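Engineer: Here's a sequence, model it:
(2 chains)
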There are 2 protein chains.
Amino acid sequence: MKPLILITNDDGYSAKGIAELSKIAAEFGDVVVMAPDLNASGKSHSLTTDRPLRVTPISHNEGVSVFACSGTPVDCVKLACEHFCCRKADLVLSGINHGSNASVNVLYSGTMGAVIEASNNGYPAIGFSILDHDPDADFSLCIPYIRQIISTVIEKGLPEKVSLNVNFPQASAEGYQGLKICRESKALWSDSFERRQDPHGADYYWLTGNFICDDKAPDTDQYALENGYVSVVPTTTDFTAHAALSTLTKQFEQ
Amino acid sequence: MKPLILITNDDGYSAKGIAELSKIAAEFGDVVVMAPDLNASGKSHSLTTDRPLRVTPISHNEGVSVFACSGTPVDCVKLACEHFCCRKADLVLSGINHGSNASVNVLYSGTMGAVIEASNNGYPAIGFSILDHDPDADFSLCIPYIRQIISTVIEKGLPEKVSLNVNFPQASAEGYQGLKICRESKALWSDSFERRQDPHGADYYWLTGNFICDDKAPDTDQYALENGYVSVVPTTTDFTAHAALSTLTKQFEQ
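Structural biologist: So this is what the prediction gives:
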């Protein structure tokens, strides 16, 4: 039986990135797309608990079934696996996101929230993103890398509860320099809110911010991306700071 | 100068848990509370990007200033640090959450999203939760532990980009057995959506689910909680699966 590949994203079911990813995935198996009906960027690992979800069938062509869902990317993975996949998915993909999910962006990313959810539920899972917010971004250079990564993961699997966070530099005439397995750069977003006044004199605050990253050692994703490489960060579902366990045990238990 | 302590949660500014936490924090310093104006459970690390935020001053008594914010817990931390703290906060607290954030619940938790955000921005940060969803939960047994933990963190700090995820068993006549530094139990939520039909015959889906946890070794938070201990998990902002780097480098780069 052909592999079944479930695809979601956080830009919404009608984004160019998810259409590109679906086309490539269809070379490998049957494809179910369930993605948010609206943009869900910045939704991280959030769930919808205060209202029920609705699902709208969008299309069914050449082995690719597309559904729009009123929930978050994590909701999409959970709901699709349970109610919209005719058999257990062999692989879960998310993206191609329009914008970076490298470094600390993984904290906020709905694209990667979906991937981490799938991984925690036992599915091999991969998130793809490009450092280009253009709704008509050029994904052509990504295609051979996506094929290679999907093919390797279908063949060899991934370690338990480890997923992949793949980021592509913006397309350029030089092409990409290759692929690098990396760790996340440490970074943060600062100066995050712009205060404005409404016509009645009351304040309101728009999220904005600057990406601050001083951690660009050669083993980081930011280094890879700034040097023309495709970055691949193995990503865990376990948030325990294992290296801190013994120090804190001394401080708190004794 | 007294320490400045910023407090948020995901149950909303009017929850009993955040009032209890504010009272304890006020013993240690000046307190600014900025918390969601509505319940924001399950919001994880999500940001509000599609609309501006509003802030409502609620009260100002005995060194405790309370604001309600229309955003997520992560929005609350970012906005309060930038616009509502008169000086740099010395400590960021979140909770006391009504419900468990142990094990894999940390993935979905707005309470812990706020803590991880603060930690990534350089603040010592602690999330507190109790395994009791009752809006009138009994927090009395938590108080001496919260005092001890706040006091230790103010005195000794925390390792860089490491925060604490503290969970309390439900109150019982036996009291708590002590405090354990733990790792997260591996677990997942399964059977997540209940399908219903609206009066017009269309399907909708309510999130529900069962917590499945087979990882209850003595070093885990689930073990600690089920044996009457307060669990404290050091929590990282780095999602890199470091242990998988070398295997994946062999698979993908060679």
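Engineer: contacts, neighbours, all on C-alpha from now
Structural biologist: Fine.
Engineer: doesn't A:L179 make contact with A:G228?
Structural biologist: No: if you go by CA atoms under 8 Å, A:G228 and A:L179 don't touch, sitting 9.1 Å apart.
Engineer: Report the secondary structure element holding A:C76.
Structural biologist: Using DSSP states H and E, A:C76 sits in helix A:73-79.
Engineer: quick one, strands of the stretch 151-254 of chain A?
Structural biologist: A:162-168, A:179-181, A:188-190, A:193-197, A:203-207, A:210-212, A:230-236 (DSSP state E, counting those that start in this stretch).
Engineer: A:V153 is nearest to which of those?
Structural biologist: strand A:162-168 (9.7 Å; CA to CA).
Engineer: Which other helices and strands does the helix or strand containing A:I96 contact?
Structural biologist: Using DSSP H and E, A:I96 sits in strand A:91-98. Applying 3 or more CA pairs under 8 Å, 6 or more residues apart in numbering or on different chains; DSSP states H and E, one finds that strand A:91-98 contacts strand A:4-8, helix A:16-25, helix A:110-120, strand A:125-130.
Engineer: Can you say which of those is packed in most?
Structural biologist: helix A:110-120 (a mean of 31; mean count of other CA atoms under 10 Å in any protein chain shown).
Engineer: Would you mind giving the orientation angle of that helix with respect to strand A:230-236?
Structural biologist: Angle of helix A:110-120 versus strand A:230-236, following axes from the mean of the first three to the mean of the last three CA atoms, to 10 degrees, is 50 degrees.
Engineer: Run the angle between helix A:110-120 and strand A:162-168 for me.
Structural biologist: 150 degrees.
Engineer: quick one, helix A:110-120 and strand A:125-130 angle?
Structural biologist: Relative orientation of helix A:110-120 with respect to strand A:125-130: 160 degrees, computed using the same axes, to 10 degrees.
Engineer: And helix A:110-120, how far out from the chain middle?
Structural biologist: Counting by CA atoms, centre = their mean, to the nearest Å, helix A:110-120 is centred 7 Å from the centre of its parent chain.
Engineer: Give me the contact status of it with chain B.
Structural biologist: Yes: contact of helix A:110-120 with chain B (CA under 8 Å from any CA of the partner chain) involves A:N120.
Engineer: what about A:L179, distance to chain B?
Structural biologist: According to CA to the nearest CA, to the nearest Å, A:L179 and chain B sit 7 Å apart.
Engineer: Thought B:E253 was touching that residue, still the case?
Structural biologist: Yes: in this structure, A:L179 is within contact of B:E253 by CA under 8 Å, at 6.6 Å.
Engineer: So which of those two has more stuff around it?
Structural biologist: A:L179 (21 against 10; other CA atoms under 10 Å in any protein chain shown).
Engineer: circling back: mind listing residues that contact the strand holding A:I96?
Structural biologist: Strand A:91-98 is contacted from outside by A:3-11, A:17-18, A:20-21, A:111-112, A:114-115, A:118, A:123-135, A:137, A:154, using CA atoms under 8 Å, 6 or more residues apart in numbering or on different chains.
Engineer: and if we set it to 6 Å?
Structural biologist: A:5-9, A:17-18, A:111, A:124-130, A:132-133 (CA atoms under 6 Å, 6 or more residues apart in numbering or on different chains).
Engineer: quick revisit: B:P57 is nearest to which of the helices and strands packed on strand A:91-98?
Structural biologist: Using CA to CA, those put helix A:110-120 closest to B:P57, at 30.9 Å.
Engineer: Is A:I146 within a helix or a strand, and which one?
Structural biologist: helix A:143-156.
Engineer: Rounded mean pLDDT for that helix, please.
Structural biologist: Mean per-residue pLDDT for helix A:143-156: 97.
Engineer: tell me the pLDDT at A:Q254?
Structural biologist: On the pLDDT scale, A:Q254 is placed at 66.
Engineer: Spit out the contact partners of whatever residue of the stretch 51-200 of chain A ends up closest to chain B.
Structural biologist: Minimum separation of the stretch 51-200 of chain A from chain B (CA to the nearest CA) falls at A:P52, amounting to 4.6 Å. Contact partners of A:P52, counting by CA under 6 Å, 6+ apart, are B:205-206.
Engineer: What does it show for phi and psi?
Structural biologist: phi -80, psi 160 (degrees, to the nearest 10).
Engineer: any idea how far A:C142 is from it?
Structural biologist: 36 Å (CA to CA, to the nearest Å).
Engineer: One more: A:T152?
Structural biologist: Computed with CA to CA, the distance linking A:T152 and A:C142 is 16 Å.
Engineer: Then A:V92?
Structural biologist: 18 Å.
Engineer: try A:A125
Structural biologist: Distance from A:A125 to A:C142, by CA to CA: 17 Å.
Engineer: For chain A, what lies in contact range of chain B?
Structural biologist: Taking CA under 6 Å from any CA of the partner chain as the contact definition, chain A meets chain B at A:42-47, A:52-54, A:108, A:181, A:183-184, A:204-206, A:234-236, A:239-241, A:249.
Engineer: Now which of the residues you listed would you call buried?
Structural biologist: A:42-47, A:52-53, A:108, A:181, A:183-184, A:204-206, A:234-236, A:239-241, A:249 (16 or more other CA atoms under 10 Å in any protein chain shown).
Engineer: picking up where we left off before, pick out whichever of A:T152 and A:C142 has more residues nearby.
Structural biologist: Each of A:T152 and A:C142 has its neighbours counted (other CA under 10 Å); A:C142 has more, 23 against 14.
Engineer: Nearest residue to that one in space, please, no chain neighbours.
Structural biologist: Closest residue to A:C142 in three dimensions, ignoring its sequence neighbours and counting by CA to CA, 6 or more residues apart in numbering or on different chains: A:F168, at 6.9 Å.
Engineer: residues near the one you found, how many?
Structural biologist: That count, for A:F168 with other CA under 10 Å as the rule, works out to 29.
Engineer: for A:T247, same thing?
Structural biologist: 12.
Engineer: Then A:A243?
Structural biologist: A:A243, neighbours per other CA under 10 Å, totals 12.
Engineer: same question, the one 5 residues further on
Structural biologist: Summarising burial for A:L248: neighbours were counted as other CA under 10 Å, giving 20.
Engineer: Contacts only, for the nearest residue to it once chain neighbours are set aside.
Structural biologist: Computed as CA to CA, 6+ apart, the closest residue to A:L248 that is not its neighbour in sequence is B:I181, at 6.9 Å. By CA under 6 Å, 6+ apart, the residues touching B:I181 are A:249, B:232-233.
Engineer: Can you tell me who B:I181 pairs with across the strands?
Structural biologist: Under the criterion DSSP bridges, B:I181 forms beta bridges with B:V232.
Engineer: Can you give me the pLDDT of the closest residue to A:D238 other than its chain neighbours?
Structural biologist: Of all residues not flanking A:D238 in the chain, B:E184 sits nearest, at 6.9 Å (CA to CA, 6+ apart). Note for B:E184: predicted pLDDT of 98.
Engineer: Ok, A:G209 next?
Structural biologist: pLDDT, A:G209: 89.
Engineer: What is the neighbour count of it?
Structural biologist: Neighbours of A:G209 (other CA under 10 Å): 13.
Engineer: Please name the residues that touch it.
Structural biologist: For A:G209, the contacting residues are A:189-192, by CA under 6 Å, 6+ apart.
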